[in-house]
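Novice: sequence and predicted structure below; questions after.
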Amino acid sequence: MRLYSLSVLYKGDPRVRLLKAAYDVSSFNFFQRSSIQEFMTFTSQLIVERSGLGSRASVKEQEYLCHVYVRSDGLAGVVIADTEYPQRVCFTLLDKVLDEFSRQVSKIDWPSGSPETISYAALDSYLSKYQVGLPAG
């Protein structure tokens with residue numbers, strides 16, 4: 001069971017913006033890592049684009065399961081995991097991350113934000129904390 005990516009995006013008009021992301025590509029060949037990370041970023045944006053406001057879904061893409069939650073305010077989260085990772089845990093993680101993100105980052109910054117301009121440092125720790133399927137402690 002592995003988590004590969006955890007992203008926070010904004011489903012705005014006219015396009016979806018990546019606000020912040022964390023990746024764990026350590027299990028891939030060194031030379032594949034950047035293209036795998038690009039694939040995960042692209043896939044996350046595409047899934048949010050195709051999802052309606054207020055929806056949750058799990059989408060199989062190649063050998064991964066992408067779990068998406070788009071809130072009614074346009075804030076969205078995507079977890080990319082292997083197929084064995086429990087779906088319920090992914091959605092619990094997305095709820096937690098989006099709630100915390102919306103408290104720490106002003107809604108005014110969502111439409112114009114980018115990973116460089118948004119200050120939210122918790123994604124990497126959540127990705128490693130949930131790596132084994134259940135949070136430690």
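Specialist: Structure's in. What do you need? None of the values given here were measured: they were computed from a predicted structure. Numbers count the residues shown, from 1 in each chain.

Novice: pLDDT weak spots in this structure?
Specialist: Counting by pLDDT under 70, the chain shows low-confidence ranges at 133-137.

Novice: state the distance from the residue lying farthest from the centre of it to Val25.
Specialist: Centroid-distance maximum for the chain: Phe31 at 23.1 Å, with Cα atoms, centre = their mean. With distances taken as Cβ to Cβ, to the nearest Å, Phe31 is found 11 Å from Val25. From N, CA and C alone the C-beta is placed, and that goes for glycine too.

Novice: contacting residues for Trp110?
Specialist: Residues counted as contacts of Trp110 (Cβ atoms under 8 Å, 6 or more residues apart in numbering) are Tyr10, Gly12, Arg17, Leu19, Gly74, Leu75.

Novice: the residues you listed in strands, which ones?
Specialist: Under the assignment DSSP state E, the contacts of Trp110 contribute Tyr10, Arg17, Leu19, Leu75 to strands.

Novice: those residues: which two are farthest apart?
Specialist: The two members of the ones in strands among the contacts of Trp110 with the most space between them (Cβ to Cβ) are Arg17 and Leu75, at 10.6 Å.

Novice: need the three-state assignment for Ile80.
Specialist: strand (DSSP: H, G, I helix; E, B strand; the rest coil).

Novice: with Ser26 instead?
Specialist: Assignment for Ser26 (three-state DSSP): coil.

Novice: now the strands for the protein?
Specialist: 3-11, 16-23, 55-61, 64-70, 75-82.

Novice: packing partners for the first one?
Specialist: Applying 3 or more Cβ pairs under 8 Å, 6 or more residues apart in numbering; DSSP states H and E, one finds that strand 3-11 makes contact with strand 16-23, helix 33-50, strand 75-82, helix 87-104, helix 123-129.
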